[in-house]
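Q: Sequence first, predicted model second:
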Amino acid sequence: MLLTSSWIIDSAIILSTLTYLFYKYVTRNFDYWKKQGVFYFEPTPFVGNFADVVTMKKTVAETLKTLYDKTDEPYFGVFAFDEPILVIKSPELLKLILIKDFTYFRQRTIAEGSHSKLISNWLFFQRYSAWKKTRSKLSPIFTSGKLKNMLHSVSDTSELFGHYLNDHLGVLEAKELCVKFTTDSIVKCFFGINGKCLEEGHSDLNAISERVSEISIRNSIIQFLYMFKPFLVDLFRLDFLKKSDLDYLLKAFETSFNSRKAQKNGIKGKVVDYIDLMLESEDTNGTSTSEYESDHYMAMANTIQFYLAGVETSAGSLSFTFYEWAMNPDIQEKARDEVFDMFKKHGKITYESIQEMEYIDMCLAETGRKYTLFQILDRKAENDYKVPDTGLIIKKGTKIFIPYYAFHMDEKYFPEPQKYIPERFLDKTVNADGIYYMPFGEGPRSCLGERFAQMSMKIFLATFLRSFKVEPCDKTPSEITFNPNSFAMISKDGINLRFKRLDEN
Ligand code: HEM
C-alpha cells in the first residue's frame, strides 16, 4: 500500500503523474520561439512539427516544404520533436549564413561521431578547427590538374559500363545499375583498385554499396538518430557501416596503398589517382612519426568517406536523369546531339571536351534542382548572431535547417517546378540575389567532391548516349514518390526503365 488503500488507484495515480511529468518534459521548449518573437508553427507533443515523418507519410524535406509554403516570413520556428529549430526562407539571409557570416555558422547540427576515430576524421562531421585542417589537406585533390589525371580512370570505367549494359539490355532498376558504375569509378580513383561490379556483375564491393543504400530498419534508425538525436549516436556508438564492411574497405585501401608504395619505391611517376597523391604528399622528411601517422589515418578515413559520400549521391543523380530522359525523349535526343557533335569535333572524351557539353550540364543542374538527394542542409550557430535589419538574435547553439528542396520547388524562383526544364539554367542568372539553388550546398562547407562528381557524371552520360537509349516500361512510375524511410531522397517504387541499344527499335 503506497498512497491509498487500493493498488489500482495507486497505480493510476503513479501512471498519471509519470505521464504528466513526461508530457511536461517533452513540451518544455514549446514556448521557445514565442519568447524569441519568431513566427512558428504550433507543435504537437512528442513529435513537434514532424508528425508526418513519424507516421511515414512524408519525408523531412516534404514536411518542411509544406510549412515553407504556408508562410511569407523570412525565417520561422519549428520543433523537431522537442527541440527548437530555425528554418530559413529568405535567400538573402541564407547568403549571410552560408557565405558572408560563415564564421558564425561553421558547424553542422548532425552527430559528430566522436565515439569513432574513423568518423571523427571525416570532413563532413568535423568541428571547425579540425575541419579547416582536413579541408585544406584534401582540397588540392580536386583541382583541375588532379581531376584531369583521374579522367582516364573514369573513362575506362564508363567503357566497362558500356560492355556491361550491352550484355544486360532490357528492363533494369536504374539506381542499382548506376551504383555499379559509381562504385567502380570511385574505388578506382580513390582506392586504386578494380571494384569488379561491372566486370563480375556483382562483387563484394557491390554488395557493400547496396547495404549502404538499403532501406532497412537499421539504416533508418541510424540516419534518424544522427539527424535528430546526436547524443544517442555517441551513447550507443552507432556507425553507418557494419564492422565487417568497414574492415573490408580499410583492408582494401591499405593493401592497395602498400603495394603501390612498394612498386614505386620512392620513384616519382605519373600521378593517376588518390593513392599516388597520398604517396606524393606523405613525404616523411621533416614530419614527426606521430604527425605522419595521423595524416595517413586522416587520408585513409576520408577515402572511406568519399566512397560513402560519392557512390549513393552520384548514382541517385544519374538514375533520376535517366528517369527524366526516358519520360522526355526530346530532351534525351538533344543531349545525344550534343554528344555526337562533341565526338565529331574532338574524337574522344577529354577534359576540355566535357567542358563544352553545356546541355548535359543543364540537364544535371535540373536534376540537382528537382531531386535534392538530401532532405535538408544544416548549420549550427557557434555564437550569438544578430540578423541585420531585424530584432532577431540567433542564439549560440541554435540549430538551423535549410529547406533546400522547398527552395528548389518554389514557383517564385523556378516556374512550373514539377516540370523538368534544363533550359532554366541557360542564362546562368541563378542565385543572382541571395541563395535559393544549392544542389551541392554553398559556401566554404559546400560539397568537396562537386567537381569530381560533375566530371564523372558527364563522362558516364556521354558514353551512354553515344551507344544506348533509355525508355519508360510498364514498371516505370508515372511520377516519383520519395521514400519517407530514408535520409537520402530516393524513389519509393524504384526507377525501372528499359535500356536499349541505339539501333534497336
Ligand atoms: C551528385 C553527387 C553529389 C551531390 C549532389 C553532393 C551533395 C553534397 C551536399 C549537399 C553536401 C553538403 C554541403 C553543405 O552543407 O553546404 C555535400 C558535402 C560533402 N560532399 Fe558531396 N555530393 C555529391 C558527390 C560527392 C562526391 C563524389 C564526393 C567525394 C568524392 C563528395 C564529398 C563530400 C564531402 C567530403 C562533403 C563535406 C564537405 C565539408 O563539410 O566540408 N560528394 N555533398
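A: That came through fine. Model, not experiment: these values are computed from the prediction. Numbering: from 1, shown residues only.
Q: Cross-check the contact I'm expecting between Thr367 and Gly316.
A: No: using C-beta atoms under 8 Å, Thr367 is not in contact with Gly316; the gap is 9.1 Å. Just so you know, the C-beta spots here come from the backbone N, C-alpha and C atoms, and that holds for glycine as well.
Q: just the CA coordinates of the worst-scoring helix or strand of the chain on mean pLDDT, formatted as PDB?
A: Ranked by mean pLDDT, DSSP states H and E, the weakest helix or strand in the chain is helix 274-281, scoring a mean of 77. Extracted C-alpha coordinates of helix 274-281, given in PDB (Å, rounded to 0.1, in the frame of the first residue of the first chain):
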ATOM      1  CA  TYR A 274      44.300   9.500 -55.000                       C
ATOM      2  CA  ILE A 275      46.800   6.800 -53.800                       C
ATOM      3  CA  ASP A 276      49.600   8.400 -55.900                       C
ATOM      4  CA  LEU A 277      48.700  11.800 -54.500                       C
ATOM      5  CA  MET A 278      48.900  10.400 -51.000                       C
ATOM      6  CA  LEU A 279      52.300   8.800 -51.700                       C
ATOM      7  CA  GLU A 280      53.400  12.100 -53.100                       C
ATOM      8  CA  SER A 281      52.300  14.100 -50.100                       C
END
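Q: Are that helix and the ligand in contact anywhere?
A: No: using C-beta under 6 Å from any ligand atom, helix 274-281 never reaches the ligand; the gap is at least 9.1 Å.
Q: cool, stretch 131-138 as well?
A: Yes: Stretch 131-138 lies within reach of the ligand by C-beta under 6 Å from any ligand atom, at Arg135.
Q: who's in contact with that stretch?
A: Arg106, Asn121, Leu123, Gln126, Ser281, Asp295, Met298, Ala299, Asn302, Pro444, Arg445, Leu448 (C-beta atoms under 8 Å, 6 or more residues apart in numbering).
Q: What is the neighbour count of the second one?
A: Right, the one you point to is Asn121. 21 (other C-beta atoms under 10 Å).
Q: Setting aside sequence neighbours, what's the nearest residue to it?
A: Ala301 (3.7 Å; C-beta to C-beta, 6 or more residues apart in numbering).
Q: Please determine how far that neighbour is located from Thr44.
A: 40 Å (C-beta to C-beta, to the nearest Å).
Q: again, but for Asp204
A: 45 Å.
Q: next one: Ala462
A: Taking C-beta to C-beta, one finds Ala462 at 50 Å from Thr44.
Q: who's more crowded, these two?
A: A side-by-side neighbour count of Ala462 and Thr44, using other C-beta under 10 Å, places Ala462 first with 23 against 14.
Q: does that one really touch Phe340, like I thought?
A: No: look at Ala462 against Phe340 with C-beta under 8 Å: they stay out of range, at 9.9 Å.
Q: Just the element for the nearest residue to Arg237 once chain neighbours are set aside, please.
A: Sequence neighbours aside, His115 is the residue nearest to Arg237 in space, at 4.5 Å (criterion: C-beta to C-beta, 6+ apart). Under DSSP states H and E, no helix or strand contains His115.
Q: How confident is the prediction for His115, by pLDDT?
A: Among the per-residue scores, His115 holds a pLDDT of 86.
Q: doesn't Leu232 make contact with it?
A: No: contact criterion C-beta under 8 Å: His115 and Leu232 do not qualify, at 10.8 Å.
Q: any shared contact partners between these two?
A: With C-beta under 8 Å, 6+ apart, His115 and Leu232 have common neighbours Leu238.
Q: Mind checking if the helix or strand hosting Leu318 is in reach of the ligand?
A: Assigned by DSSP H and E, Leu318 belongs to helix 289-327. Yes: using C-beta under 6 Å from any ligand atom, helix 289-327 reaches the ligand at Gln305, Phe306, Ala309, Gly310, Thr313, Ser314, Ser317.
Q: give the contact list for the fourth one.
A: What it means is Gly310. Thr182, Ile186, Gly449, Phe452, Ala453 are the contacts of Gly310 under C-beta under 8 Å, 6+ apart.
Q: cool, the first one as well?
A: Shown here is Gln305, whose contacts under the criterion C-beta under 8 Å, 6+ apart are Trp122, Leu123, Phe124.
Q: Burial check on the second one, number of neighbours?
A: Neighbouring residues of Leu123 were enumerated by other C-beta under 10 Å; the total is 21.
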